[in-house]
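In: here is my input; please provide its structure:
(2 chains)
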Amino acid sequence: MAKLTFKEELCKGCGLCVTACPKDILALSKTRLNSKGHAPVEQTDPEKCIGCAFCAMMCPDCVITVER
Amino acid sequence: MVVFEKPKSLTDIPMHYCPGCTHGIIHRLVAEAIDTLGIEGKTIGIAPVGCSVMAYDYFACDMIEAAHGRAPAIATGVKRSLPENIVFTYQGDGDLASIGLCETVSTAARGENITIIFVNNAIYGMTGGQMAPTSLIGQVTQTSPYGRDPKTAGYPIQICELLATLEAPAYLERVTVNNVKNIRNAKKAIEKAFRYQLEGKGFSLIEVLSSCPTNWGMTPQKALEWIDEKMIPQYPLGVFRDKEA
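Out: Presented below is the predicted three-dimensional model:
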């Protein structure tokens, strides 16, 4: 199974990764903010992740590390 | 097994760019190319004036900050005195296509063995969204509130097409980073440009169509669609010069 790690403090909540995800399992948090005031991205259903790394490739801030 | 992580040639300093700005992606592609070719110890970058003025903080190689538009001139000096090093400039459209157009064209005409990463987002970003030489016809900016009118503001400058009229450049390509497929192509192009420099082939310039959600007044997602809808028709992607091919 693929594993994503997020450097949440770097996330600016732009959502480019959310649109890039082919499995539609990323979303901006509705409950949390990071120290800069951005709603960081979260994985809604980690089981479905295929580790394609599309999210990480679209991320302008290198927030996401992908392991498989 | 790690399949994707931040390249080693980027520092850990958080980037100051607006949310969804694709400068971050282009920085990463340049850093990945440096990592892949194993040239991190001998690469020297020249930072511009513009949004990417602080690029010297983000690349983990030696960096020089140039006066507005003069990056290719500085790169020429560095490369001629240190020919074994790999020299690249990272410039926006206001820097490269406006105030620095003279340096750009002259450096290309001389065929200096350097690589230019040209980030074209059709607007002046750092100064607050004024019309650039690359702004599209009809594009609304701070200084063209009714849209760019060619009668008074002229037509967009197409840098790749312009430089392709010169004899010396070895490699000119226009790419974009608005989806995963295009990012992969952009990565290949940037790597190839650095490889050409390593092989001593001469001048290379990669133009990367980039987004500016803040000054275009769009969401980051809409801005990426705008590249497909508006920018690519004016700035077609492709290879304009490849001396190897």
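
In: can you report how many residues lie near residue A:10?
Out: 21 (other CB atoms under 10 Å in any protein chain shown). C-beta here means a position set from N, CA and C on the backbone, and glycine is covered the same way.

In: kindly report the same for residue B:193.
Out: Residue B:193: 26 surrounding residues under other CB under 10 Å.

In: please name the nearest non-neighbouring residue to it.
Out: Once flanking residues are discounted, residue B:193 sits nearest to residue B:204: 3.9 Å by CB to CB, 6 or more residues apart in numbering or on different chains.

In: next, name the residue at the spatial heart of chain A.
Out: residue A:41 (4.6 Å; CA atoms, centre = their mean).

In: now do that residue against chain B, distance only.
Out: 11 Å (CB to the nearest CB, to the nearest Å).

In: which residues touch that residue?
Out: A:6, A:11, A:13, A:15, A:17-18, A:26-29, A:55, A:63-64 (CB atoms under 8 Å, 6 or more residues apart in numbering or on different chains).

In: which strand or helix spans whatever residue of chain A ends up closest to chain B?
Out: Per CB to the nearest CB, residue A:60 is where chain A lies closest to chain B, at 2.8 Å. According to DSSP states H and E, residue A:60 maps onto no helix or strand at all.

In: Three-state assignment for the closest residue to chain A within chain B, please.
Out: Here chain B gets closest to chain A at one residue, residue B:24, 2.8 Å apart by CB to the nearest CB. Three-state call for residue B:24 (DSSP: H, G, I helix; E, B strand; the rest coil): helix.

In: now do the one 3 residues further on
Out: Taking three-state DSSP as the rule, one finds residue B:27 in the helix state.

In: which of the contacts of residue A:41 are buried?
Out: Taking 16 or more other CB atoms under 10 Å in any protein chain shown as the criterion, what is buried in those is A:6, A:11, A:13, A:15, A:17-18, A:26-28, A:55, A:63-64.

In: could I get those in TSV, plus columns for distance to residue B:185, pLDDT and secondary structure?
Out: Formatted as TSV, these follow (distance: CB to CB, whole Å; pLDDT from 0 to 100; DSSP: H, G, I helix; E, B strand; the rest coil):
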residue	distance to residue B:185	pLDDT	secondary structure
A:6	27	97	strand
A:11	26	98	coil
A:13	27	97	coil
A:15	23	97	coil
A:17	20	98	helix
A:18	23	97	helix
A:26	24	97	strand
A:27	29	97	strand
A:28	28	97	strand
A:55	19	98	helix
A:63	23	97	coil
A:64	21	98	strand
